[in-house]
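**Q** Can you look at this prediction? I've put the sequence above it.
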Amino acid sequence: MLGPDRILAAANFDFTGKRFLITGASGGIGIATIKKLLEGGAIVYSNSRRDLPIEHKRLHHQQGDITDDEFVKDWIASIENIDGFVYSAGMIDPRPIRFETKEKMMKVWDVNYFSAVSLVSQLIKKKKFNKFSSNVFISSISAKAPYIGGSKYVGSKAALEVFSKVMVMELFDKKARANCLAPAMVKTEMYEKGVDKGSQELMDEHIAKYPFGIGEPEDLAQAICFMLSDASRWINCTTLTMDGGYLMI
Ligand SMILES: NC(=O)c1ccc[n+]([C@@H]2O[C@H](COP(=O)([O-])OP(=O)(O)OC[C@H]3O[C@@H](n4cnc5c(N)ncnc54)[C@H](OP(=O)(O)O)[C@@H]3O)[C@@H](O)[C@H]2O)c1
């Protein structure tokens, strides 16, 4: 947790004249990232089904379902070329394997993986990538440290990580970069839902395993902006684990 003893030392990024697209905009990580991109002077194209609690002249929000191919086609056709994207749309739906159904699996895979591939497909078809774009996928620490009940979520995130490399290979002439961030627990709506479903006691036990506390959306926003910026120009096809020391202990 960020407290008075652990103030976030915010890095500043200059994104003047740059355009970025972000999905999962209404989520905790999405909103924190949009704020930071706007602070840096970027033009932002965002999407989620819900509207956003912020407005800005450089923020162009399009409400819609990312799993709806027709919607994505029209949305991508309507935007200018971009210098990168953040794929932050995601859903979790934990469930023991014996209660899984193909329908439930498809729903999670659709948001977390298929729609990411479809989005990139549209961006390529419509020639929307500027040269030297930098792109970020929000994966999860669970892709390498799975949890009980995570069969479809962990698989979809692992697939996303491998896909990011395929994308870089296919966009070699555009010199596109793509990196993944793999956070452990971050304090967003996803976390709040977890607290609602599980007992507070279990959650407290889990949080005690983080030497540096659980993450704040701003921790992610900083790392995302670093990955989008030229400060990370030599970093490509990596997955950055962000876990407050959780995996270490
Ligand atoms: N929070 C964590 O502890 C944590 C840990 C590891 C990884 N992650 C990953 O981080 C990313 C961001 O999550 P968050 O923590 O910010 O969670 P969140 O607050 O639950 O946000 C999820 C976002 O995905 C969007 N979304 C879901 N289904 C969609 C659909 N069909 N069409 C369009 N948008 C859709 C939601 O927007 P609408 O509901 O408005 O459509 C929302 O903006 C996710 O990919 C998640 O898997 C989170």
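**A** Nice, thanks for sending it over. All values derive from a computational prediction rather than experimental measurement. Residues are numbered from 1 along each chain as shown.

**Q** What residues does A42 make contact with?
**A** Residues counted as contacts of A42 (CB atoms under 8 Å, 6 or more residues apart in numbering) are 15-16, 18-20, 58. Every residue, glycine included, has its C-beta placed from N, CA and C.

**Q** Let me see the backbone angles for the spatially most central residue of the chain.
**A** The structure's the chain has its C-alpha centroid closest to S88; by CA atoms, centre = their mean the separation is 2.6 Å. Note on S88: backbone dihedrals following degrees, to the nearest 10 are phi -110, psi 0.

**Q** Just to be sure, F20 is in a helix?
**A** No. Going by DSSP: H, G, I helix; E, B strand; the rest coil, the assignment for F20 is strand, not a helix.

**Q** give me the number of residues near it?
**A** 26 (other CB atoms under 10 Å).

**Q** cool, A159 as well?
**A** What A159 shows, counting by other CB under 10 Å, is a neighbour count of 18.

**Q** Ok, the one 10 residues further on next?
**A** Neighbour count for M169, taken as other CB under 10 Å: 10.

**Q** per-residue pLDDT, it?
**A** Here, the pLDDT recorded for M169 equals 98.

**Q** That one sits in which helix or strand?
**A** M169 belongs to helix 151-170 when assigned by DSSP states H and E.

**Q** The helix or strand following that helix pairs with which strands?
**A** The helix or strand immediately downstream of helix 151-170 is strand 177-183, counting by DSSP H and E. Strand 177-183 pairs in its sheet with strand 134-138 (parallel), strand 239-242 (parallel), by DSSP bridges.

**Q** Residues in contact with strand 177-183: which ones?
**A** Contacts of strand 177-183 (CB under 8 Å, 6+ apart): 84, 132-141, 143-144, 157, 160-161, 164-165, 167-168, 215, 219-220, 223-224, 227, 232-233, 235-243.

**Q** Write the PyMOL selection for whichever of those are buried.
**A** Listed next is the PyMOL selection for buried residues among the contacts of strand 177-183, using 16 or more other CB atoms under 10 Å:
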select buried, resi 84+133+134+135+136+137+138+139+140+141+143+157+160+161+164+167+168+215+219+220+223+224+227+232+236+238+239+240+241+242+243
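
**Q** Quick check: what element follows the helix or strand of the chain with the lowest mean pLDDT along the chain?
**A** Between all helices and strands in the chain, the lowest mean by mean pLDDT, DSSP states H and E belongs to helix 189-197, at a mean of 72. Next in sequence after helix 189-197, counting helices and strands by DSSP H and E, comes helix 200-207.
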